[in-house]
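**Q** Fold the following.
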Amino acid sequence: MNSFYKFTTTRNPWDRMISYYHHLVGDFDEEKFKLFVNMGQCLDNEYGTDKPDFFREDLPYNLFSVSSWLGENANIYDFIIRFENLESDFKEVCEDLGVEHQELPHYNKTEDREHYSHYYNDETRNIVAENYADDIKTFGYEFESQ
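**A** Next comes the predicted model:
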């Protein structure tokens, strides 16, 4: 494995959660969003029969932090692409590999979405900060207001 060039991606957890919410649920609703961000605390499917209508069985696995997926293997990567810098970071990976850079397609783009900070109140902001504290610390993320 040491001879292979290895890269992975990460994303600002607050941006990731609102993007994922829009993709799964659709239009923003403050109460539904609060339920959604709280699911990160319930990754063991403790919802029982009271699951929100947007809950899917594979959903909890998509809510794990990037740090939890990487575990102790984070240091084996040659490059970690930040979604916020996807195109420029991917270009750097292509240069490192000596391959021609091609622009990446953007799938599942939410039209007319505002900056992620617009969707959070203090409570939901703090829930995400708590659930993804390891990503925030590991990758140096901060909640950016706009």
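
**Q** looking at the protein, which helix or strand does the model trust least?
**A** helix 59-62 (a mean of 57; mean pLDDT, DSSP states H and E).

**Q** gap between residue 9 and residue 112?
**A** Look at residue 9 and residue 112: by Cβ to Cβ, to the nearest Å, they are 25 Å apart. For every residue, glycine as well, the C-beta is placed using N, CA and C.

**Q** I misspoke; the intended subject was residue 32.
**A** Residue 32 is 18 Å from residue 112, by Cβ to Cβ.

**Q** quick one: the strands in the chain?
**A** Here the chain has its strands, by DSSP state E, at 7-10, 79-82.

**Q** Tell me which residues touch the nearest residue to residue 33 once chain neighbours are set aside, please.
**A** Excluding its sequence neighbours, the residue lying closest to residue 33 (Cβ to Cβ, 6 or more residues apart in numbering) is residue 21, at 5.8 Å. Residue 21 is in contact with 28, 32, 33, 36, 37, 119, counting by Cβ atoms under 8 Å, 6 or more residues apart in numbering.

**Q** and if we set it to 10 Å?
**A** 27, 28, 29, 32, 33, 35, 36, 37, 54, 110, 116, 119 (Cβ atoms under 10 Å, 6 or more residues apart in numbering).

**Q** Give me the pLDDT for it.
**A** Here the pLDDT value assigned to residue 21 is 87.

**Q** likewise residue 48?
**A** Per-residue pLDDT puts residue 48 at 49.

**Q** Can you give me the buried ones in stretch 98-118?
**A** Neighbour counts over stretch 98-118 (16 or more other Cβ atoms under 10 Å) mark residue 116 as buried.

**Q** could the strands of the chain go into TSV alongside mean neighbour count, mean pLDDT and distance to residue 93?
**A** As requested, these are arranged in TSV below (neighbours: other Cβ atoms under 10 Å; pLDDT from 0 to 100; distance: least, Cβ to Cβ, whole Å):
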stretch	mean neighbour count	mean pLDDT	distance to residue 93
strand 7-10	16	91	5
strand 79-82	16	94	5
